[in-house]
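Asks: Everything below, folded, please.
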Amino acid sequence: METETLATAIKTWGKELGFQQVGITGIDLSEDEDHLLNWLEQGMHGEMAYMERHGIKRSRPDRLRPGTLRVISARMDYLPAKTKSAEAVLEDGERAFISRYALGRDYHKVMRARLKKLAQQIEAAIGPFGYRVFTDSAPVLEKALARNAGLGWIGKHSNLLHPEAGSWFFIGEIYTDLPLPTDQKFAGEHCGACTACIDICPTRAIVGPYRVDARRCISYLTIEYRGVIPEEFRAAMGNRIYGCDDCQVVCPWNRFAQYSSEPDYQPRHQLDEVGLVECFLWSEDEFLEKTAGSAIRRISYECWLRNVAVALGNAPTSAAVVNALNRRKDHRSALVREHVNWALAQHE
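Replies: Below you'll find the model as predicted:
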């Protein structure tokens, strides 16, 4: 099969597998490498030591997978249609806000499985070839590769944006040794003078256009970080217990976002509007049962309680809230006790 014909077929097969767009790019990320190294040098990755440990493997695909010539990049919408709106939950201090991407099945599993099917379809058409599949699971500059493959531009909040789909989508890649023709890089940056994402950030984590200080980011603090959440950020966290979507919620381009029809991304266990007291009182077994197959499970039960304790500290004072916190004030984990005691102090 001619490479042009194969590239066209790959995009068709990708859409048949549920991807909204597929593009192909080369592996030159030299400009993005400079940005990455500068970000790391300033310590903005916080305690995500793996970011520094992998170094330029992230910006040089052929070092991560030797022999890589091209990257097939794909995006898939994930915003569920039948769900309590993010705005409504954020305004209800008694509800737990969970980032919209984590309401359903773990996207790592869904995306990897689809990308592997796409690779297998290519293999069925041309025979064995070298490849490796990734979805936010290895040192890969996913957004830069997706931009170079024509899937959108990187916005001021550092998320990938598409003019007809906003930013509510996942991206994943197939690193391959196939010499496929490449697509045109998405031209320009279309945020203009808008600073809505910078202005809305509760903890001022977007320290400048296209620069996010992870150490201040609620997504980092509630998901990646395992220690004591700095008191200076606790009130600003509000009821956000897993991730933060504020910069996406406010982005004007998301008025063009498409709802996902993918069953795996639909909310489980009413996580789109679960009460804070309810999820704080889950036993560890209940936590494991309700987060089975979900991206949420990776933070551990201990960090779940830590996060919810902070949200309860920010919740409207009620007997239910205070009683729930008192039930955990002697928890075996010093991390949990620290945040419970802070939360109780907010209601004195």
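Asks: Quick check: residue 303 vs residue 218, distance?
Replies: Separation of residue 303 from residue 218 (CB to CB, to the nearest Å) stands at 13 Å. In short, each C-beta sits where N, CA and C put it, glycine included.
Asks: repeat for residue 321
Replies: Counting by CB to CB, the gap from residue 321 to residue 218 is 21 Å.
Asks: who has more neighbours, these two?
Replies: The neighbour comparison of residue 321 against residue 218 (other CB atoms under 10 Å) goes to residue 218, with 26 against 23.
Asks: Secondary structure element holding the residue nearest to that one when sequence neighbours are not counted?
Replies: Excluding the flanking residues, the one nearest residue 218 by CB to CB, 6 or more residues apart in numbering is residue 244, at 3.7 Å. Take DSSP states H and E as the rule and residue 244 turns out to sit in neither a helix nor a strand.
Asks: Count the residues that sit near residue 244.
Replies: Using other CB under 10 Å, the number of residues around residue 244 comes to 28.
Asks: List the buried residues in stretch 113-123.
Replies: By neighbour count on 16 or more other CB atoms under 10 Å, the buried set for stretch 113-123 is 114, 115, 117, 118, 119, 121, 122.
Asks: again, but for stretch 337-348
Replies: Buried residues in stretch 337-348, counted by 16+ other CB under 10 Å: 337, 338, 339, 340, 342, 343, 344, 346.
Asks: Which strands or helices does the helix or strand harbouring the third one pack on?
Replies: Take DSSP H and E as the rule and residue 339 turns out to sit in helix 334-346. With contacts taken as 3 or more CB pairs under 8 Å, 6 or more residues apart in numbering; DSSP states H and E, helix 334-346 sits against helix 300-314, helix 319-328.
Asks: switch to 10 Å and redo it
Replies: Applying 3 or more CB pairs under 10 Å, 6 or more residues apart in numbering; DSSP states H and E, one finds that helix 334-346 makes contact with helix 231-237, helix 300-314, helix 319-328.
Asks: picking up where we left off before, what sits in contact with each of residue 303 and residue 218?
Replies: Common contacts of residue 303 and residue 218 (CB atoms under 10 Å, 6 or more residues apart in numbering): 229, 241, 242.
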